[in-house]
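In: Pasting the sequence and the predicted coordinates here, then a few questions.
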Amino acid sequence: LRAHLPASLHSLLRRLYYRHRLLRRVVHLPEELRDSLRRPGELRPPRWLAVIGDGDFVAIGQAFLGHFKELCQLRPDEAVLEVGCGIGRMALPLTTFIAGRGRYVGMDIVPDGIEWCRRHITVRFPNFEFLLADVFNEQYNPSGRCPAADYRFPFADASFAFAFLTSVFTHMLPAALAHYLREVSRVLRPGGTFVAKVLGGG
């Protein structure tokens, strides 16, 4: 039915479904209290927010962190940009690595995901920032004002040493994809590293 439902109704039904399952299995506690009872490293978003991507949330994030360190030589003190940060699948493992002068900026078009990351990640890791991109998408951000092919990333030239994206180009038309590549190139420092996962899957 997903293809025939308005995006707003699909999002509402998804929230209600996962919240109902949670209430049937555990005693309901305020979200902030549930998070405080978890051990460090166990912070993760509720399932109803996972509107994009599948697979094991924690394992995929840890695997990419390993790739960034071993294959890309990412350093803890670098400035990192993630285009399409979603609900923090990559940001959460990076909180255990980026330190000192290092900083992370995540950007996405889905308001709920950005809000969750700000409330639960930025408050604990002030060097992690999450920005809502004002990009129109009929399903994920119908109130966005700018077409993806015209959106200018809100950063100065040469702001980042490392930039990456996953599960973004698979959702874009060629003109928008080419524009995003130009914007990534603009905000990367000379000699910086860019990683893109372009195939489908988790």
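Out: Done, it's in.
In: Next secondary structure element downstream of the helix or strand of the chain with the lowest mean pLDDT?
Out: Least confident helix or strand of the chain, by mean pLDDT, DSSP states H and E, is helix 31-37 with a mean of 45. Later in the chain than helix 31-37, the nearest helix or strand by DSSP states H and E is helix 57-70.
In: buried sites along that following helix?
Out: 57, 60-62, 64-65, 68 (16 or more other C-beta atoms under 10 Å). The way it works is simple: take the backbone N, C-alpha and C, and place the C-beta from them, glycine included.
In: Packing partners of the lengthiest strand in the chain?
Out: The residue-count maximum for a strand in the chain (DSSP state E) belongs to strand 188-197. Where contact means 3 or more C-beta pairs under 8 Å, 6 or more residues apart in numbering; DSSP states H and E, strand 188-197 is packed against strand 160-166.
In: Run through the residues that contact the residue nearest in space to the middle of the chain.
Out: What sits nearest the mean C-alpha location of the chain, by C-alpha atoms, centre = their mean, is Cys85, with 1.5 Å. Residues near Cys85 by C-beta atoms under 8 Å, 6 or more residues apart in numbering: 91, 106-108, 113-114, 117, 130.
In: quick one: contacts for the nearest residue to Leu65 once chain neighbours are set aside?
Out: If the residues on either side of it in the chain are set aside, Leu65 comes closest to Pro93, at 4.3 Å by C-beta to C-beta, 6 or more residues apart in numbering. Residues near Pro93 by C-beta under 8 Å, 6+ apart: 58, 61-62, 64-65.
In: Closest one to Gly102 out of those residues, please.
Out: Leu65 (13.3 Å; C-beta to C-beta).
In: my guess is that closest one contacts Ala91, does it?
Out: No: contact between Leu65 and Ala91 fails when scored by C-beta atoms under 8 Å: they sit 10.3 Å apart.
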